[in-house]
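Asks: The sequence and its predicted three-dimensional model are supplied below.
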Amino acid sequence: MEVSSSLATTSTTYLRSSTEALLFRRIKLHLGLPISLNRRNSLSLLTRPCGRASQSKLCKGLISMDEIYDALAERLLPAAAASNPNFKHIVGLAGPPGAGKSTVASEIMHRVNRLWPQEASSLDSQVKPPDVAAVLPMDGFHLYRSQLDAMENPEEAHARRGAPWTFSPTLLLRCLEKLRNEGSVYAPSFDHGVGDPVEDDIFVSSQHKVVIVEGNYLLLEDGAWKDVSSMFDEKWFIDVDIDTAMQRVLKRHISTGKPPDVAKWRIEYNDQPNAELIIESKKNADLVIRSINF
């Protein structure tokens, strides 16, 4: 997919001067996440349109998407230097289905881990520092199929799987509290082949100072979700046009073997209503990443 990206900084409290640039470059990325950022109170990175006469780097295409991921990684890098063994800088990365949360989280995690040795070498050049960033997906906190079977309307529960009430925010909250208080935790993953969580499959250790939690409903303000949201040091949101997101989800459904008519029905009945709810929570984000297709 060919996409275009834009980034402009107006305040650089959290980013290095090297990221104070404009970008607008066509790139090929399997997902395609052109982004702009908005950090309330401390950082504002806003999309700036290009006019015909513009001579800025934004329009000359001198900056790539990789540099955007690098900028976000550098934003988080200072947290890696914390000396407290239990310290955690926890980022909540939310967005609707099809926004690209997993890709963004993974790209930034790998960059933090790659950049950290350069920072740590000044401390002790003879010691190879361990990874300091980890990703914790919300998928592992799906309710089990057996729990959906036990609901008053099991058919509806399975059809709406992926809605907020088909997750356990209470278990996620306990996981984050343990991570915050004890410095490490075992968390569940999700087996898409089986369709159920896998207990204790992800280990976030005391060496991980930066933890990116990614999932749909992390910024909701209802019930236990509000308590989950309160656990994050930073709240990020990937903002995407809902039609674009649903096209991505449609392709995903079809790629996993769903007939096109079934995939379209699931989007209309489940994915799009969920996405509309998630998009409402964007107002609770500290930083917005706008996904744009051209």
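Replies: Happy to help now that I have it.
Asks: who does the longest strand along the chain pair up with?
Replies: Secondary structure of the chain read by DSSP state E shows that its longest strand is strand 196-204. When pairing is defined by DSSP bridges, strand 196-204 lines up against strand 185-191 (antiparallel).
Asks: Show me what counts as buried in the strand it pairs with.
Replies: The neighbour-count check on strand 185-191 (16 or more other C-beta atoms under 10 Å) flags 185, 187-188, 190 as buried. Quick note: C-beta positions are derived from backbone N, CA and C, even for glycine.
Asks: What score does residue 291 have for pLDDT?
Replies: At residue 291, the pLDDT value in this model is 68.
Asks: Residue 15 now?
Replies: Residue 15 carries a pLDDT score of 34 in this model.
Asks: burial measure for residue 279, as a count.
Replies: 19 (other C-beta atoms under 10 Å).
Asks: ok, and what's touching the longest strand of the chain?
Replies: By C-beta atoms under 8 Å, 6 or more residues apart in numbering, the residues outside strand 196-204 that reach it are 134, 136-137, 139-142, 144-145, 179, 184-191, 211.
Asks: rewinding a little: export the buried residues of strand 185-191 to JSON lines and tack on pLDDT and distance to residue 217?
Replies: Rendered in JSON lines, the data for the buried residues of strand 185-191 read as follows (pLDDT from 0 to 100; distance: C-beta to C-beta, whole Å):
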{"residue": "185", "pLDDT": "97", "distance to residue 217": "20"}
{"residue": "187", "pLDDT": "98", "distance to residue 217": "16"}
{"residue": "188", "pLDDT": "98", "distance to residue 217": "16"}
{"residue": "190", "pLDDT": "96", "distance to residue 217": "15"}
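Asks: Just give me the neighbour total for residue 145.
Replies: Counted with other C-beta under 10 Å, residues neighbouring residue 145 total 16.
Asks: wouldn't it be in contact with residue 157 here?
Replies: No - taking contacts as C-beta atoms under 8 Å, residue 145 lies outside contact range of residue 157: 9.2 Å.
Asks: sorry, back to before: show me which pair in the buried residues of strand 185-191 is furthest apart.
Replies: 185 and 190 (16.4 Å; C-beta to C-beta).
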